[in-house]
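J.: Model the following, please.
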Amino acid sequence: MDAISANTVELDFDTTILEQGERVSDKLNILRFEQFPPDATKGLRSFSLAEAAEFLGVTASHIKKLHLEGKGPQPATTLTGRRTYTAEQMLELRHFLDKHGRADVKRYVPHRRAGEPLQILSVVNFKGGSGKTTTAAHLAQYLALTGHRVLAIDLDPQASLSALHGIQPELDKNPSLYEALRYDADRKPISHTIRPTNFPGLHIVPANLELQEYEYETPLAAADRSSTEGRSFFTRISSALKEVDDRYDVVVIDCPPQLGYLTLTALTASTSVLITVHPQMLDILSMSQFLLMLGGILRSIKSVGVAVKLKWFRYLVTRYEPTDGPQAQMVGFMQAMFAGNMLSHQMLKSTAISDAGITKQTLYEVEKSQFIRATYERAMESMNAVNSEIAGLIHNAWGRR
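T.: Next up, the predicted model:
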C-alpha cells in the first residue's frame, strides 16, 4: 500500500509541476501584454540632456548649443525648455559629432578600426544570484548607448537575459544559439538566431531550454571516433561568430551558472572574462571552488592544444553594501588577494535595479520618476562607473588610450 501511495505521489508531482509551469507561463504572457504594446515588443524611454551628454562624452552645454544652432537631430522640448533625446537621436548625434568635430578631438563613433579584433566578453559565475545576468544586460545596453555595435548572447537555458529584452522563450519560439552549435545536419548559421532589441546597435541571440541539449550531445559527439567535431567542441562559438564578425564590435555572453560544455565553449571563444561575485563568505567559498574546477579543466584542454587567450579578466563585486561591515571586509580580502584583477568600481546593491527587474526592465529603461531621486542617481552612478571601466578595458585591448 505504501509503495502504491508513493508511486501515486510521484505521478501527481509530475502532473502538478507541468500544470503549474504552464499556468506561470500563461500568467507571465498576460503580464507581458499588459506591460508592453500588443505586439509584445519593448519600447525605450527618451534620455535627458544630461544623460545624452554623458553617453556621448560631451558637455550638456555643447549639445544645447548644437540644438540652438539647428545642428544635429532636434530633440523633444517641453514648455520649460527641457530637452530629451531618443536613443536613435543620440546615435544620430554621435555620427554628427564624429563627422563635424575637430580632427584632433577623440572620435565619437567607437566602432572597430582596421586590425582591431572582435571583442568577446563572457560573464560567468558558478553560483546563481551573483548578479551575472543583470551585469551582462546593463553592460550590453551601456555599450550600445555609447555607440558600440553589440551582440548579446544568452547562453543560459533559463533565459533571464532574453526575458529582460522582452522575449519569453516558451511562447516566442525563437531559435537559440543551439541551432548554430548542434552536431547534426540541421545546424544553421548564427545569423538565423539573431534578433534586434529596443536599443539601437544592440542585437540578441535569445536562449531557450533547447540549449541544454548541447550539454548532452557534446560528450556523445566527442566519443564518436568517426568525427572530430565533438572533440573540438570548444571552437564552435568562435567558428559560428566568424559569419558576423564584421557586424559587431563587442559580443557579451551571459553564461549559465554551471561549469559545463556551454560555459567552456564560451570561455575558449572569449577575449575577456568578467567573474561576478557577491561579497559574502559562502559566495566567495563557492567562487574558490569554481576557480579550482575551471583551472583544472582549462589546463586539460590546454594539454590538447587549445588555450584560453584572454586580453584581460576581472572580478566584479556585485550587490555590494558599503555600510555592511562583513561585506566591506570581504571586498578588502578580495582586493588583497586579486589586486591586479579586481575592477576598481563595485556594483552597489539598489532597490532601483531590483524593482526595475520586476517589470523586466533595466536601469537604462526604467523611468527615473518611479524612484526616489537619490536612490536612482546612486544606482545609475554605480552602474555607469562599472560599465565605463569595462568599456575602457575593451578599448585598451584594441590598443587605444
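
J.: Please make it C-alpha for all contacts and neighbour counts, starting now.
T.: Fine.

J.: partner residues bridging Thr84?
T.: Judged by DSSP bridges, the bridge partners of Thr84 are Ser48, Ala76.

J.: What about it, how many residues nearby?
T.: 21 (other C-alpha atoms under 10 Å).

J.: next one: the one 3 residues further on
T.: Other residues within reach of Ala87 by the criterion other C-alpha under 10 Å amount to 21.

J.: Quick check: pLDDT value at it.
T.: pLDDT recorded at Ala87 is 96.

J.: That one contacts Ala144, correct?
T.: No - using C-alpha atoms under 8 Å, Ala87 is not in contact with Ala144; the gap is 9.3 Å.

J.: shared neighbours, the two?
T.: Taking C-alpha atoms under 8 Å, 6 or more residues apart in numbering as the contact rule, the neighbours common to Ala87 and Ala144 are Phe199, Pro200.

J.: Give me the helices and strands touching whichever helix or strand His203 is part of, please.
T.: His203 is part of strand 202-205, with elements assigned from DSSP states H and E. Helices and strands touching strand 202-205, as assessed by 3 or more C-alpha pairs under 8 Å, 6 or more residues apart in numbering; DSSP states H and E, comprise helix 132-145, strand 150-154, strand 195-196.

J.: Roughly how far does the closest residue in space to Gly72 that isn't next to it in sequence sit from Arg112?
T.: Computed as C-alpha to C-alpha, 6 or more residues apart in numbering, the closest residue to Gly72 that is not its neighbour in sequence is Leu93, at 5.7 Å. Note on Leu93: its distance to Arg112, by C-alpha to C-alpha, to the nearest Å, is 19 Å.

J.: Name the residue in those two with the higher neighbour count.
T.: Taking other C-alpha under 10 Å, Leu93 and Arg112 do not tie; Leu93 has more neighbours (22 against 19).

J.: Model confidence for the more buried one, exactly?
T.: On the pLDDT scale, Leu93 gets 95.

J.: That one reaches His67, doesn't it?
T.: No - at 10.3 Å, Leu93 and His67 do not qualify as touching, with contact defined as C-alpha under 8 Å.

J.: list residues touching both of those two?
T.: Pro73.

J.: in this protein, what spans have low per-residue confidence?
T.: The chain contains residues with pLDDT under 70 at 1-41, 102-106, 170.

J.: gap between the residue nearest to Asp156 when sequence neighbours are not counted and Ala339?
T.: Closest residue to Asp156 apart from its sequence neighbours, by C-alpha to C-alpha, 6+ apart: Pro256 at 4.2 Å. According to C-alpha to C-alpha, Pro256 and Ala339 sit 26 Å apart.

J.: neighbour-wise, which of the two wins?
T.: Looking at Pro256 and Ala339 with other C-alpha under 10 Å, you find the greater number of neighbours at Pro256, namely 23 against 14.

J.: so where does the residue nearest to Gly72 fall, helix or strand?
T.: According to DSSP H and E, Leu93 maps onto helix 87-100.

J.: Any buried residues in that helix, and which?
T.: Using 16 or more other C-alpha atoms under 10 Å as the test for burial, helix 87-100 gives Ala87, Gln89, Met90, Leu91, Leu93, Arg94, His95, Phe96, Leu97, Asp98.

J.: what do you get for stretch 350-368?
T.: Buried residues in stretch 350-368, counted by 16+ other C-alpha under 10 Å: 350, 352-353, 355-357, 360-367.

J.: now stretch 181-195
T.: Under 16+ other C-alpha under 10 Å, the buried positions of stretch 181-195 are Leu181, Arg182, Tyr183, Lys188, Pro189, Ile190, Thr193, Ile194, Arg195.

J.: Quick check: the gap between the second one and Thr265.
T.: When you say that, I think you mean Arg182. The gap separating Arg182 from Thr265 is 13 Å, by C-alpha to C-alpha.

J.: again with the third one
T.: To Thr265, Tyr183 is 14 Å away according to C-alpha to C-alpha.

J.: Kindly report the same for Phe234.
T.: Phe234 sits 4 Å away from Thr265, taking C-alpha to C-alpha as the criterion.

J.: For these two, indicate the residue with more neighbours.
T.: Set side by side, Phe234 and Thr265 show more neighbours around Phe234, with 24 against 19, by other C-alpha under 10 Å.

J.: winner for burial among the helices and strands packed on strand 202-205?
T.: Stretch with highest mean neighbour count among these: strand 150-154 (a mean of 27; mean count of other C-alpha atoms under 10 Å).

J.: Pick out the residue closest to the middle of this protein.
T.: In the chain, the residue lying closest to the centroid (C-alpha atoms, centre = their mean) is Ala136, at 2.3 Å.

J.: thought that residue was touching Cys255?
T.: No - Ala136 is beyond contact range of Cys255, at 9.3 Å (criterion: C-alpha under 8 Å).

J.: joint contacts of these two?
T.: Listed as contacting both Ala136 and Cys255 by C-alpha under 8 Å, 6+ apart are Val123.

J.: Mind jotting down where the strands sit in the stretch 301-401 of the chain?
T.: Here the stretch 301-401 of the chain has its strands, by DSSP state E, counting those that start in this stretch, at 312-317.

J.: who wins for proximity to Asp172 among the helices and strands packed on strand 202-205?
T.: The closest of the helices and strands packed on strand 202-205 to Asp172 is strand 195-196. By C-alpha to C-alpha, the value is 11.8 Å.
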